[in-house]
Every structure is written in C-alpha cells, then in structure tokens.
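1. Generate a structure from the sequence data that follows.
(chains A, B, C and D)
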2 protein chains.
Amino acid sequence: MDFEIAEQNIVDFEKIEKIKKVLPQDDLIFEIAELFKVFGDSTRMKIISSLLEDELCVGDIAVLTNSTPSAISHQLRVLKQAKLVKYRKEGKIVYYSLDDEHVREIYEKGREHIEEV
Amino acid sequence: MDFEIAEQNIVDFEKIEKIKKVLPQDDLIFEIAELFKVFGDSTRMKIISSLLEDELCVGDIAVLTNSTPSAISHQLRVLKQAKLVKYRKEGKIVYYSLDDEHVREIYEKGREHIEEV
DNA sequence: TAAACATATGAACAAATATTCATATGAAAG
DNA sequence: CTTTCATATGAATATTTGTTCATATGTTTA
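-> From the prediction side, this is the model:
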C-alpha cells in the first residue's frame, strides 16, 4: 500500500494523510453509492415521485410510469431491498409506500440542485 | 394515452388521475435520476467524500481512491458536468472542490439512511 | 528547445443493469 | 374446482457505463 503511494505524484502528502484518516471505510462508501444507485434510474425515480403522494398498488404504478407491471415489480424489489419502500397486502393487491422520511429528503435535495442550477 | 390507461387493470382511477396532475414532468424526473446516478458509483462517492474535507488535485485524489489519474480525470468530468465540483488551475496542477452545498446535504442524507437501518 | 510532468481525452473492452417475455404463484370469483 | 386476475420471478437480450491503454495538451524545468 505505502509503496504505491510513494511511487505516485503526490502534491501534498500531509493533506492526503490527514484526509485518509477521516475518510469513511470503503464498505460504508460502497453502501452509500449503492443507495444512490437506486435513486439513479428514471423509472424508479418516477415510482418514488408517485409514492411521495400516496400509497399505490403495482398496477397503478405501472400506469403512472407508462411501464409494465412486470418491470415495475422488478423495480419495486430493488426499492424494497434498499429499504426505501414497504408494502401491505390486501387480498391479491399489494400496496406499496415509502418506508423512510430520508427518501423524501433525498429526493427534495436532488430536485433543489436541479432546479437551482 | 388514455387508451392505454383504459386497457390496464386500474385499482383506483381517481387516485391515479390526481397523482398524475401533481407528478413532475418526465424531463425533470429524468434530470433528478441523472443527478443521483452521479452519486451512485463508489469511485465518485469516494471522490466526493474526499472533497468534503478539502480541495484536492487529480493526483492526490487518485492516491486517496486507489485509482489511476486517468480514471479519476474521467470521473471528475462526470462530476463537473453535473455541476457537483468546480476547479481552479495553478500551473499544471488542477485543484478540484465541491461546487454546491447540496452535495454535502445529499451525501449526509444518504449516509444517515445507511447508518440508521 | 527538449524533457519531465499533471491532466485530459478517445477508443476499446468488460461488467453491470433495465426491460422484455414466458411462466409461476397465490387469491378472489364464477 | 376452474378460471381470472394481480403480482412475482427467471432467463435472455440490449444498453449503459467504468476502467484501461495509448496518446494528446499544456505547463514547468533543465
């Protein structure tokens, strides 16, 4: 590890060492990136936008997103695994809703960035 | 459009129409997703984590991320296009820094979600 | 002016991923 | 109990995307 560092062109060695100490662990950074990856798809973002308004079943989400129930079901699984949505069953119908206030907050920060630039 | 809707299995037509009215335009949703896509990569997330601490040049970021200057340069271009980082030149050295408080806020919301679940 | 250096860029390759299609599951209705 | 319906799932395909490698650009130093 240290060999590699020594071989490269470092402008400010002390600054690097200082930052290295406070950087989050690789696996935490990986998990954060994985979370944002879930937000980084138009279909899922449209699902999230819709669920910000109300709980919805798969078929209704498919209509709102101009997508197929199958595609939506796949994406809801991704959102579920990321703990961004939860669901409740009512007979054969499954209602999905947002699982976390962070979803709304993250969405809104993203929207702010887009709309202010 | 309305034909497609009529053909599908809709559970609550009124709810759908109501949500449809308040949903953001497709192109805004697309842009938000594109923004989060930028956050959704480990390398870029590590760059962002580093720049949260201080401005850094390409070579130093490469060391901190265990990556090559070339790979980092490519990723910095992505971050630049998303208006997440800015840069200043000092001779042949280019210093990058975060361009927007939203970056920090979005990063922290993401981290909160990961750490609280 | 030539060499060394930091960064940028383009093309090619490999890996990841969203959608589609066919089919499965499980619940309600006939 | 058989059909219909809502949702889920697996495999295949097509597209996107990150890295690598070679090379280019522009700056400093010898």
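2. and the gap between the closest residue to A:Pro69 other than its chain neighbours and DNA strand D?
-> Spatial nearest neighbour of A:Pro69, chain neighbours left out: A:Ala62 (4.6 Å); criterion: Cβ to Cβ, 6 or more residues apart in numbering or on different chains. All C-beta atoms are positioned from the backbone trio N, CA, C, and that covers glycine. Distance, A:Ala62 to DNA strand D, by Cβ to the nearest atom of the strand, to the nearest Å: 7 Å.
3. So A:Ala62 belongs to a helix, correct?
-> Yes: applying DSSP: H, G, I helix; E, B strand; the rest coil, one finds A:Ala62 inside a helix.
4. so what's it up against?
-> A:Thr68, A:Pro69, A:Ala71, A:Ile72, B:Gln8 (Cβ atoms under 8 Å, 6 or more residues apart in numbering or on different chains).
5. What of A:Ala82?
-> Here A:Ala82 is in contact with A:Glu34, A:Leu35, A:Val38 (Cβ under 8 Å, 6+ apart).
6. what about 6 Å?
-> Counting by Cβ atoms under 6 Å, 6 or more residues apart in numbering or on different chains, A:Ala82 touches A:Val38.
7. Residues contacting the longest helix seen in chain A, please?
-> Using DSSP state H, we find that the single longest helix of chain A is helix A:101-116. The contact list for helix A:101-116 (Cβ under 6 Å, 6+ apart) reads A:Leu84, B:Glu31, B:Ile32, B:Leu35, B:Phe36, B:His102, B:Glu105, B:Ile106, B:Lys109, B:His113.
8. got the angle for that helix vs helix B:101-116?
-> Here the directions of helix A:101-116 and helix B:101-116 differ by 170 degrees (axes from the mean of the first three to the mean of the last three Cα atoms, to 10 degrees).
9. Would you mark the buried spots in helix A:101-116?
-> Neighbour-count burial for helix A:101-116, counted by 16 or more other Cβ atoms under 10 Å in any protein chain shown, picks out A:His102, A:Val103, A:Glu105, A:Ile106, A:Tyr107, A:Lys109, A:Gly110, A:Arg111, A:Glu112, A:His113, A:Ile114.
10. mean confidence for it?
-> Averaging pLDDT along helix A:101-116 yields 95.
11. Equivalent analysis for stretch A:77-90, please.
-> Throughout stretch A:77-90, pLDDT has a mean value of 97.
12. Over to it now: how far is its first residue from its last?
-> This stretch, stretch A:77-90, spans 18 Å end to end (Cα to Cα, to the nearest Å).
13. mind listing what's buried in that stretch?
-> So, applying 16+ other Cβ under 10 Å, buried residues of stretch A:77-90: A:Val78, A:Leu79, A:Ala82, A:Lys83, A:Leu84, A:Val85.
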